[in-house]
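Participant: What would the 3D arrangement of this be:
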Amino acid sequence: MDLRALKELVKKGENERLEFKLKANHPEKIIREVVAFANTQGGILLVGVGDDKSIPGLKFADDDEFILCRALEKYCFPAIEYTLERVYVENEREVLVFRIPRSQQRPHYVSLDPAQQEKKTYVRVNDRSIQASKEVRQILKWEDRVQDVKFKYGHKEEVLMKYLGDHPGITVQLFSQIAHIPMWMASKTLITLTLANVLRIRPDENADQFIMAA
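Facilitator: A predicted model of the protein is given here:
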């Protein structure tokens, strides 16, 4: 990528597949974006570009590259594939261009302290990376590994289909309430129907929405 192509890319602004970071000061936050891209549809991370679409570049690109690559290696599991190139801006400043493909080993997660076994998974929604729910994690894990998922169409599925016929979406909690079933059963049912391509999930920080698949 040359400077002209970089400027054209930056003009588009941040979106589901493009993220800007001005500096590499907080690598533990930046790697969330990489994990989110790998868990969703892939994307490009530009380091040395501001949210206002300015392109100041990085003065010490060698140091920033080392810090970020080390953080990706140390805190992301399983290891994430990516390519990295630099674009010269001016005054010996450069932009780091990380290209992250959609992974076949999802879900990837961030673990800043492996001793505590705290794992956080992220997905990309519009121009933001959000923490994935239990349901999203299960769907990420199985959607590329299973085919022809079968399910029994019973009373709870009938209640669900009737509700979705009149409303744009439903949450796990609401499905549990209207079908009078435990939360775990509501969750399992919605995951199964999503893997069967009957439903589609829209991740949300507050509560995921399950909608009818197109």
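Participant: Would you check that Phe98 makes contact with Tyr82?
Facilitator: Yes. At 5.4 Å, Phe98 and Tyr82 qualify as touching, with contact defined as Cβ atoms under 8 Å. C-beta here means a position set from N, CA and C on the backbone, and glycine is covered the same way.
Participant: of those two, who's got more company?
Facilitator: Neighbour count, other Cβ atoms under 10 Å: between Phe98 and Tyr82, Phe98 has more, with 24 against 19.
Participant: just checking, that one is part of a strand?
Facilitator: Yes. Assignment of Phe98 by DSSP: H, G, I helix; E, B strand; the rest coil places it within a strand.
Participant: what's the average pLDDT for stretch 44-55?
Facilitator: Here stretch 44-55 scores 98 as its mean pLDDT.
Participant: Ok, stretch 203-214 next?
Facilitator: The predicted model gives stretch 203-214 an average pLDDT of 95.
Participant: Look at that stretch and report the distance between its end residues.
Facilitator: Using Cα to Cα, to the nearest Å, the span of stretch 203-214 from its first residue to its last is 17 Å.
Participant: Which residue ranges make up the domains of the chain?
Facilitator: 3-131, 140-212 (automatic domain parsing).
Participant: Highest mean neighbour count out of the ones you listed?
Facilitator: With neighbours defined as mean count of other Cβ atoms under 10 Å, the domains of the chain peak in mean count at domain 3-131, which reaches a mean of 17.
Participant: Quick check: end-to-end length of that domain?
Facilitator: The first and final residues of domain 3-131 sit 33 Å from each other (Cα to Cα).
Participant: Could you pull up the contacting residues of the spatially most distant residue from the centre of the chain?
Facilitator: Here the centre of the chain is the reference, and by Cα atoms, centre = their mean the most remote residue is Asn91, at 34.5 Å. Going by Cβ atoms under 8 Å, 6 or more residues apart in numbering, Asn91 touches Gly57.
Participant: For it, what is the enclosing helix or strand?
Facilitator: Secondary structure assignment for Asn91, by DSSP states H and E: no helix or strand.
Participant: now Leu112
Facilitator: Going by DSSP H and E, Leu112 is not in any helix or strand.
Participant: I'd guessed it sits against Cys76; true?
Facilitator: No. Counting by Cβ under 8 Å, Leu112 sits too far from Cys76 to count as a contact (10.3 Å).
Participant: pretty sure Gln41 contacts Leu18?
Facilitator: No. Applying Cβ under 8 Å as the test, Gln41 and Leu18 come out as separate, 11.3 Å apart.
Participant: Where do the helices of this protein begin and end?
Facilitator: Assigned helices in the chain, in chain order: 3-11, 27-39, 61-75, 134-142, 155-166, 172-179, 183-195 (criterion: DSSP state H).
Participant: quick one, what contacts the residue lying closest to Val34 once chain neighbours are set aside?
Facilitator: On the basis of Cβ to Cβ, 6 or more residues apart in numbering, the spatially nearest residue to Val34 that is not a chain neighbour turns out to be Ile100, at 5.5 Å. Contact partners of Ile100, counting by Cβ under 8 Å, 6+ apart, are 34, 37-38, 42-45, 80-82.
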